[in-house]
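A.B. asks: Below are the sequence and a predicted model for it; my questions follow.
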Amino acid sequence: MKIVNIFLLMLLVSLNVVAQDRLEIFKDYDLSKEVLSVTTVKVDPNMEDIYLAGLTKSWIKAVKIQKDLGHIKDWNIWASELPQSGDFNLVLTVTFESSQDLEPNKTKYDKFMKIWGEENQKISQETSAKYPEVRELTGEYRLRKVIFK
């Protein structure tokens, strides 16, 4: 009888292990509402400071306004400590509360453009036109956090 019980116990344990070789969304884990937009950039050697200076006149200025308006949750720039290794050495991120914030929205656009203005638009276009001389965009990603239960 002991042998039968041990066999049944081992069988149940092994079936449980086999059953857990795959997880199921919403049962075993959820995905966050929050969406992270990620852009990977390969900046040419010794051009990081020039590229970052350009971003302060364009991308950084724009995301600061968007955050102040509540259009985005947050933004960041991440720099590699090993800038010459790999496919990218700079990462730009924008965090949205949900995918709804990625939808076109004329009201949000008009509010942003009212603050951004024509002068910033002109400076941003002139600055970003020079970006291909110092960097290459290597990837665009949209990510959600995996939340295990």
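C.D. replies: Structure's in. What do you need?

A.B. asks: Next, the contact list for the nearest residue in space to residue 96 that is not next to it in sequence, please.
C.D. replies: Excluding the flanking residues, the one nearest residue 96 by C-beta to C-beta, 6 or more residues apart in numbering is residue 35, at 4.6 Å. Any C-beta I mention is one placed from the backbone N, CA and C, and that applies to glycine too. Neighbour list for residue 35: 95-96, 98-99, 101-102, 142-144 [criterion: C-beta atoms under 8 Å, 6 or more residues apart in numbering].

A.B. asks: which two from those residues end up farthest apart in space?
C.D. replies: Largest separation among those by C-beta to C-beta: 101 and 143, giving 14.5 Å.

A.B. asks: Neighbour count: the two, which is higher?
C.D. replies: Taking other C-beta atoms under 10 Å, residue 101 and residue 143 do not tie; residue 101 has more neighbours (18 against 14).

A.B. asks: so that one, which of the three states?
C.D. replies: Look at residue 101: counting by DSSP: H, G, I helix; E, B strand; the rest coil, its state is helix.

A.B. asks: How about the contacts made by it?
C.D. replies: Per C-beta under 8 Å, 6+ apart, neighbours of residue 101: 35, 71-72.
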